[in-house]
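Trainee: Structure for this input, please:
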Amino acid sequence: MTSQTSTTELLTALHDRDFEQIVLCRDPEVGLESVIAVHDTTLGPSLGGVRMRSYASHADAVADAMNLAQAMTYKAALAGVPLGGGKSVINIDPRVANRDEVLIAHAKYIASLNGRYIPGVDMGTSVRDLELIGRHVPVVSSQRGDPSYFTARGVVRSIEVALDACGRTVAGARVAVQGLGNVGLHVARMLARADAQVFGADIDADRVHRAVDEIGIIAVDLADVLQLDVDVVAPCAGGGVIDEKTVGALRAAALVGAANNMLSTNSLAAELRTRGIVHIPDFVANAGGLLAVEAEVRDDETGLTERVDAIADTAREVLNRSTAAGTDTVSVALTMAGEIVEANRKHRPYFRTE
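Mentor: Numbers count the residues shown, from 1 in each chain. Below you'll find the predicted structure:
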């Protein structure tokens with residue numbers, strides 16, 4: 001959807017992408033403009049982070065929420081967790097003075113869904129924010145801790161699988177990490193500890209300095225990080241960074257990262273395959289955070305690390321099926337997720353009854 005999205009276009013998108021619910025929220029007294037997107041609750045209540053950032057338009061915020069919610073459905077299905085896909089975004093600068101008032105107003109809209117959407121930490125929000133939201137919402141994740149470590153662990157396990165497909169190991173591999181926030185910093189640290197040579201860039205110079213000082217990464221310019229001649233490029237910041245322009249400039253042997261929706265369009269996966277670039281879809285690789293917050297919701301973290309490490313098995317299966325079918329990995333992963341959802345379709349939609 002573009003910034004000129006009309007009501008008709010939104011309804012068409014809901015139908016064509018099989019969305020259950022979009023909630024447009026507004027509280028002019030505190031300056032809230034937000035959206036809650038519930039894509040699919042076949043496997044359980046939708047879960048997804050609360051993203052806070054300033055968008056060019058509210059239509060862009062809606063588009064981002066829908067894209068992220070849909071990816072969460074696929075991620076949950078492939079990770080084997082009983083959850084659906086959801087997301088919410090608050091269209092405002094996270095540094096706004098009345099941040100708590102905005103979060104509370106958004107929380108009240110979440111509460112009106114009576115558990116159909118479970119919020120968590122995302123770009124622009126923190127554990128402390130989710131604690132605040134949790135005072136107004138029946139079920140909340142990410143209150144006990146940031147799941148970033150587990151997101152990063154799954155990404156690193158996926159990088160190991162991709163490198164193996166390239167005939168390499170992590171030790172001695174050259175990996176470029178775009179984005180050194182909570183997840184990206186963990187990814188860089190894990191790779192460095194495994195004796196990889198890590199290059200890194202971030203829009204925030206302080207994050208780069210921290211990664212250089214604490215981990216010993218090699219700092220590179222943000223404009224160059226995706227185009228480095230390395231074994232793996234790992235986008236770990238915003239989505240859509242691999243577009244029609246940047247895909248042609250990739251020189252890495254593999255593309256594996258934590259960023260949600262790193263491809264601007266799924267069709268680019270076919271070009272990656274044509275160019276011989278090993279690609280593990282982000283909704284496969286970055287599912288570790290989802291596994292962590294699902295364990296928190298269940299209040300049972302038994303075997304969590306092992307389940308995150310098993311992301312490697314899913315990544316390997318996606319690559320194997322892609323090779324066997326002669327098609328790109330995104331198409332394969334979407335088919336696998338769709339099969340899981342369709343097999344349980346009779347349970348849709350989810351409504352909290354207790």
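Trainee: Where does the prediction get shaky in the chain?
Mentor: Residues of the chain meeting the criterion pLDDT under 70: 1-5, 354.
Trainee: now the farthest one out in it, which residue is it?
Mentor: Residue farthest from the centre of the chain, counting by Cα atoms, centre = their mean, is residue 29 at 31.4 Å.
Trainee: And what about that residue, helix, strand or coil?
Mentor: Residue 29 falls in the coil class when you classify it by DSSP: H, G, I helix; E, B strand; the rest coil.
Trainee: Next up, the contacts around it.
Mentor: By Cβ atoms under 8 Å, 6 or more residues apart in numbering, no residues touch residue 29. C-betas here are computed from N, CA, C, even on glycine.
Trainee: Show me the contact partners of stretch 341-354.
Mentor: 20, 40-46, 73, 77, 84, 114-116, 138-139.
Trainee: And these, which of them are buried?
Mentor: Buried members of the contacts of stretch 341-354, counted by 16 or more other Cβ atoms under 10 Å: 20, 40-46, 73, 77, 84, 115-116, 139.
Trainee: count of residues packed around the closest residue to residue 273 other than its chain neighbours?
Mentor: Counting by Cβ to Cβ, 6 or more residues apart in numbering, residue 328 is the residue found nearest to residue 273 once chain neighbours are left out, at 4.5 Å. Other residues near residue 328 come to 21 when the count uses other Cβ atoms under 10 Å.
Trainee: you'd agree residue 328 is up against residue 322?
Mentor: Yes - in this structure, residue 328 is within contact of residue 322 by Cβ atoms under 8 Å, at 6.4 Å.
Trainee: okay, and the common contacts of those two?
Mentor: Counting by Cβ under 8 Å, 6+ apart, the residues touching both residue 328 and residue 322 are residue 273.
Trainee: Show the residue spans covered by the strands in the chain.
Mentor: For the chain, strands defined by DSSP state E occupy the ranges 21-27, 32-40, 46-53, 84-91, 117-121, 174-178, 197-201, 218-219, 232-235, 254-255, 278-279.
Trainee: Format the ones you listed as CSV; extra columns: distance to residue 164.
Mentor: Formatted as CSV, the strands of the chain follow (distance: least, Cβ to Cβ, whole Å):
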stretch, distance to residue 164
strand 21-27, 41
strand 32-40, 32
strand 46-53, 30
strand 84-91, 29
strand 117-121, 31
strand 174-178, 14
strand 197-201, 18
strand 218-219, 24
strand 232-235, 12
strand 254-255, 10
strand 278-279, 9
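Trainee: Out of these, flag the one nearest residue 338.
Mentor: Closest approach to residue 338 among these is made by strand 32-40 (10.4 Å; Cβ to Cβ).
Trainee: So which of the buried ones among the contacts of stretch 341-354 are in helices?
Mentor: Filtering those for membership in helices, criterion DSSP state H, returns 73, 77.
Trainee: Show me which of the buried ones among the contacts of stretch 341-354 is closest to residue 98.
Mentor: In terms of Cβ to Cβ, no member of the buried ones among the contacts of stretch 341-354 lies closer to residue 98 than residue 139, at 25.7 Å.
Trainee: And the closest one, how close does it get to residue 82?
Mentor: From residue 139 over to residue 82 the distance is 13 Å, taken as Cβ to Cβ, to the nearest Å.
Trainee: Then residue 277?
Mentor: From residue 277 to residue 82 the distance is 34 Å (Cβ to Cβ).
Trainee: Who has more neighbours out of these two?
Mentor: For residue 277 versus residue 82, neighbours defined as other Cβ under 10 Å are more numerous around residue 277 (19 against 16).
Trainee: thinking the more buried one is in contact with residue 252, fair?
Mentor: Yes - with contact defined as Cβ under 8 Å, residue 277 counts as touching residue 252 (6.8 Å).
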